[in-house]
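# Give me coordinates for this.
(2 chains)
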Amino acid sequence: MVSSQNIVSIGRKKILIYFCIFIVLILLIKLYQLQIIRYSQFAGFAEANRVRVIPIEAPRGIIYDRSGEIIAENIFQYNLNIIPYEFGASDSGYSWLANLLRISQGELKLRVQKNWRGRFLPVKVGEDIDFETLSVIEEHRLDMPGVLYSLEPIRSFPSPANLAQVLGYLREVDREVLKNIRHFGYRTGDLIGWKGIERQYEYILRGTRGYDYLQVDVFGREVGALDNKKDILPKPGNDLYLTIDLEFQAYAESLLDGKSGVIIALNADNGEIYSMVSKPDYSPNLFSGIVESKVWAELRDNPDLPLYNRATMGTYPPGSTFKINAAMTALQNHTVDEDWSVHCSGSYRLGRRPFKCWKETGHGKMNLHSAIVNSCNVFFYQLIRKMDIDLWAENARRFRFGEKTQIDLPIESVGSVPDRKFLDSKYGVNGWTEGNKLNLVIGQGDLLVTPIQMARFAAALASKGKIVQPHLGLKYFNKDNNQFTTFTTKTDSLGYYSPENWAFVQNAMYDVVNFYQGTAKSARVKDMRVYGKTGTAENPRGDAHAWFIGFCETEVHPIAVVVLVEHGGSGGTFAAPIAGKLFTYIKEKGLK
Amino acid sequence: MKRIKFNPGQATIAPLWNTNYMLIGLVGLLSIVGLITLFSASVHLELPFFKKVVGRQLLWMLVGASLAISLQFFQKKIIYDSVYILYAAGLFFLILPYFIGPSTAGTARWLILGPLHFQPSEFMKIIVILAISKHLSRRDLSISEFQSLLPAIALALIPMAIILKQPDLGTSMIYFGILFPLFFWAGVRLFHIFLILAPFISIVTAFNFYTFFIWVVIIVVVLYFSKINLVTALIIGLLNLSLGLATPVLWNRLEPYQQNRILTLFNVGADPQGAGYQVIQSQIAIGSGGLFGKGLGKGTQTHLKFLPEQHNDFIFSVIGEEYGFIGVGIVLALFLLLIILLISIAFRQRDRFNSLVILGVASALFFHIAINVAMTIGLMPVTGLPLPLLSYGGSFVLTCYGMIGIVLSINSERSQTKVELRK
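You can find the predicted model right below:
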């Protein structure tokens, strides 16, 4: 009876206890071996020698353009580090080092605190040290233990093009940033792709840090490698190839010099971007190492927003370029036919309010074709009166306005395509009138688009209905297996419009450029089939934005082009000539 | 250890209460050692770190102690009845990080609620102990039959599989460290325990011809003496043999990256600067401590080549360096005393569930202690198992104190019942 009180036999209890004692004894024997038998050996390691782990930063992958021209590479600079434990905390040490670096003692302490990783790990205190300073450090090696320099890679941009906002920049990982990315093996002081391509493809471009294991004596002198520990070589990041044609990019940038605006040129068949310009920009070399706070503040506080990629983040009213949407809606839904005509007298009256055409004397009799060629507002005012706003908005969304293009850049705006619901919620159910529709049809009012959406629109018009995913990444070279991996992108087909309607719109866009009345005559290129549509987008902040969207045919595939000159004025006068130069370049030099 | 007979009468009550006091004393002593070591390990840090580490640990200990005290007011029956609900909730929280929060490798083991970061896998340890104990204490269970063990194995394997996916082999092994001692304690036939373990040993030994040969010999001998019929014996033997023979073949057919993925299971993120470096540092630190140690706060080695791990998983190397062999000897002796005390308390329980739960707590604690210390001194690969009561870390502190709280609660409940009986 008594034994049934316990659920387990005394034997099993004893076995468990002896098992525990046995394990603890094994641990104690090993500890005895470490702490008593081999004490002097380990004490020697610990006291006379210290292991110093020197991280060797890996260079980032090189960024090439589509033909292998270097866009961003790496150069090496000397950085100064201290190991806090060896350097000590004495004021004399700090003031000596601060003097050497030509900074205040407070600034030095701030840097130490910012980059702190632990008492025994190097803390970066100075960048791009000159040789004079290096030799002083070398001289004082013994007086100033714990001061060491390292050769570290930084970015360099040898290309003639800036490509500034597209490339983005690197920034130092500080403790704040580290909180979120610790799991990826980052440490404070590392450089991480923070914007643009550098951020988007960080996982490809980032290298793997290596380590040197050194034994150093109490003075911090290196006394050789560690016996049982092999150095780990750094592994450079993988190389990235962009779809950009660097020479063309540089040319496109030069066309917008001194202006604010956007140029995008892309392959209308697959979305490869040959050029993406956002002006004003800056030289990426400003960001090659650690940015001086003054330079950074200037860029950040500049009212012209040079850090901002207008091509993907800027939202603008598209102006008359958007009339094509109304035209296509009308054709496909048989709202009107091609012969339906309207007399333009220079303005259109809705109730008591006149809506003007851009040509004050009027265009006279206009049909759909000539209304596109002449960009006649009055025609489209009358057209939209016959059309439901939701039908028009639905058509715009079919061309994927109001959604992201999924371009391979970290930040992208969506813009907005107003429909009945949108207007109801913004102005109240009875708060808006036909007047809003009239504004929308000529690409004004609450309609907002990004230039990259317009580029995709132009590509869809060029390819008769392909919705491409615009992209900048072409392929990358994987150094692990020496293979190229090409990025895949999604191409959708609209398949909604009839071939005749595509032909009609393309024909009209051809005449916009090539007919004597066309608004984009200055985009004309001899012996090249160029299509386009201009836009002059009124905006409350100053002169109108000048738009050109269009495309040209080449032997292989059509190339879609978008030009936007902020506050430039009329699209025909200011944007179309720039497009003309781009087309001329494509015709004469070709794209790679 | 002398067997303590159950003897309903006044004489047994005093020792029973004494065991609780001894338990509280040991836990308190170890906690104080932990705090002092943490204090010493972080005293050289920049101030904000220092305040954070010691302050937070103290806070967690206070919260943990309150938790343990509040458990005393819980009736065991409530816990007993809700075990499987708790188990389901535990699984839910284990899986949750895969669906919410940053979906990157390595973060899956954390559940982040505002400023609080939890490791559900820690709390799951207690729940698994309770769940297996409940199954093994069912009245209708015939412990000598193999089939009746299967639910218990499943209770351990499910959370294990989830944690393996995080991937965290060390933490997932803990469920085996709980399961087998509980089987042993519940009176499961040793041959059955052998059967469960055999496939794993077959896989591991298969990579070396000699180890595998020895293992096969052992299987044959055990099967011969097991008194099972020939057919069953043959099936078991062949199954293990083919498993072992297939393993190297399958392994070689894996792509290198797949092999690496499996290998990283054994050494996850614990050693960012290259394999073995951390262990070498730890050995130097402990070895240079010598007999008496370098003294409180005087260690030069342990402090901080790897800041986070020093507080967490490598706290034992700080003890080794600063308190020497005598210090680690005392700490290990205290741990051993704690475990033996827990086993004795478990042994004295009349209720099967109570006894199993307490033994589960003892197993979990011992598994942590053994694996952690072995890793610190280079006897085992680096895993992420912290040292109970000493390591820094909120979830783990709460888990340890929770376990102790349950033991205290069960132990005093028994004495209370006895008091009533006596009346």
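
# any weak-confidence spans in chain A?
By pLDDT under 70, the weakly predicted segments of chain A are A:1-6, A:47-52, A:117-120, A:182-183, A:215-230, A:289-291.

# Grab the longest helix from it for me.
helix A:10-32 (DSSP state H).

# How about chain B: which residue is closest to chain A?
Across chain B, no residue is closer to chain A than B:Gly287, which sits at 2.7 Å (Cβ to the nearest Cβ). Bear in mind the C-beta positions are built from the backbone N, C-alpha and C, glycine included.

# what's the helix or strand for that residue?
Assigned by DSSP states H and E, B:Gly287 falls within helix B:277-289.

# Tabulate the CA atom coordinates of that helix in PDB.
Only the C-alpha atoms of helix B:277-289 are listed here, as PDB (Å, rounded to 0.1, in the frame of the first residue of the first chain):
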ATOM      1  CA  TYR B 277      35.000  32.500 -32.200                       C
ATOM      2  CA  GLN B 278      32.500  33.100 -29.400                       C
ATOM      3  CA  VAL B 279      33.300  29.800 -27.800                       C
ATOM      4  CA  ILE B 280      37.100  30.600 -27.900                       C
ATOM      5  CA  GLN B 281      36.400  33.900 -26.200                       C
ATOM      6  CA  SER B 282      34.300  32.300 -23.600                       C
ATOM      7  CA  GLN B 283      36.900  29.600 -22.900                       C
ATOM      8  CA  ILE B 284      39.600  32.300 -22.600                       C
ATOM      9  CA  ALA B 285      37.400  34.200 -20.200                       C
ATOM     10  CA  ILE B 286      36.600  31.200 -18.000                       C
ATOM     11  CA  GLY B 287      40.100  29.800 -18.100                       C
ATOM     12  CA  SER B 288      41.700  33.100 -17.100                       C
ATOM     13  CA  GLY B 289      39.400  33.200 -14.100                       C
END
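
# that older thread, for the longest helix of chain A, name the packing helices and strands.
With contacts defined as 3 or more Cβ pairs under 8 Å, 6 or more residues apart in numbering or on different chains; DSSP states H and E, the secondary structure elements packing on helix A:10-32 are helix B:169-186, helix B:315-348, helix B:352-376.

# got the angle for the shortest one vs helix B:352-376?
Compare the direction of helix B:169-186 with that of helix B:352-376 by axes from the mean of the first three to the mean of the last three Cα atoms, to 10 degrees and you get 140 degrees.

# re the thing from before, tell me which residues in the longest helix of chain A are buried?
Burial within helix A:10-32, assessed by neighbour count using 16 or more other Cβ atoms under 10 Å in any protein chain shown, is assigned to A:12-13, A:16-17, A:20, A:23-24, A:27-28, A:30-31.

# thinking again about what came up before, list the contacts of the closest residue to the residue of chain B closest to chain A other than its chain neighbours.
The shortest distance from B:Gly287 to any residue other than its chain neighbours is 2.7 Å, reached at A:Phe42 (Cβ to Cβ, 6 or more residues apart in numbering or on different chains). Contacts were defined as Cβ atoms under 8 Å, 6 or more residues apart in numbering or on different chains; by that measure A:Phe42 touches A:34-35, B:283-284, B:286-288.

# Spell out for me the ChimeraX command that would select the buried members of those.
Typed into ChimeraX, the next command selects the buried ones out of these (criterion: 16+ other Cβ under 10 Å):
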select /A:34,35 /B:283,284,286,287,288
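
# List just the nearest of the contacts of A:Phe42 to B:Lys227.
A:Leu34 (45.6 Å; Cβ to Cβ).

# what about stretch A:13-32, distance to the chain center?
The gap between where stretch A:13-32 is centred and where its chain is centred comes out at 60 Å by Cα atoms, centre = their mean, to the nearest Å.

# how far away is the residue positioned nearest the centre of chain B from A:Ile137?
Geometric centre of chain B, nearest residue: B:Ala364, 3.3 Å, by Cα atoms, centre = their mean. If you measure B:Ala364 against A:Ile137 using Cβ to Cβ, to the nearest Å, the figure is 53 Å.

# With adjacent residues omitted, what lies nearest to the one residue in the stretch 301-450 of chain A that gets nearest to chain B?
Residue of the stretch 301-450 of chain A nearest chain B, by Cβ to the nearest Cβ: A:Pro410 (16.2 Å). Among residues not flanking A:Pro410 along the chain, A:Arg199 sits closest, at 4.9 Å (Cβ to Cβ, 6+ apart).

# what do you get for A:Asn333?
Taking Cβ to Cβ, 6+ apart, and ignoring the residues beside it in sequence, A:Asn333 has A:Leu391 as its nearest neighbour in space, at 6.3 Å.

# And for A:His567?
Once flanking residues are discounted, A:His567 sits nearest to A:Asp543: 4.1 Å by Cβ to Cβ, 6+ apart.

# then whichever strand or helix holds that neighbour to CSV, C-alphas only?
Using DSSP H and E, A:Asp543 sits within strand A:542-552. These are the backbone C-alpha positions of strand A:542-552, laid out as CSV (Å, rounded to 0.1, in the frame of the first residue of the first chain):
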residue,chain,number,x,y,z
GLY,A,542,2.4,79.6,-61.0
ASP,A,543,2.8,79.1,-64.8
ALA,A,544,1.3,76.1,-66.4
HIS,A,545,3.2,72.8,-66.5
ALA,A,546,4.2,71.9,-70.1
TRP,A,547,3.6,68.2,-71.0
PHE,A,548,4.5,66.0,-73.9
ILE,A,549,3.7,62.4,-74.1
GLY,A,550,4.3,60.3,-77.1
PHE,A,551,6.4,57.6,-78.8
CYS,A,552,8.4,56.9,-81.8
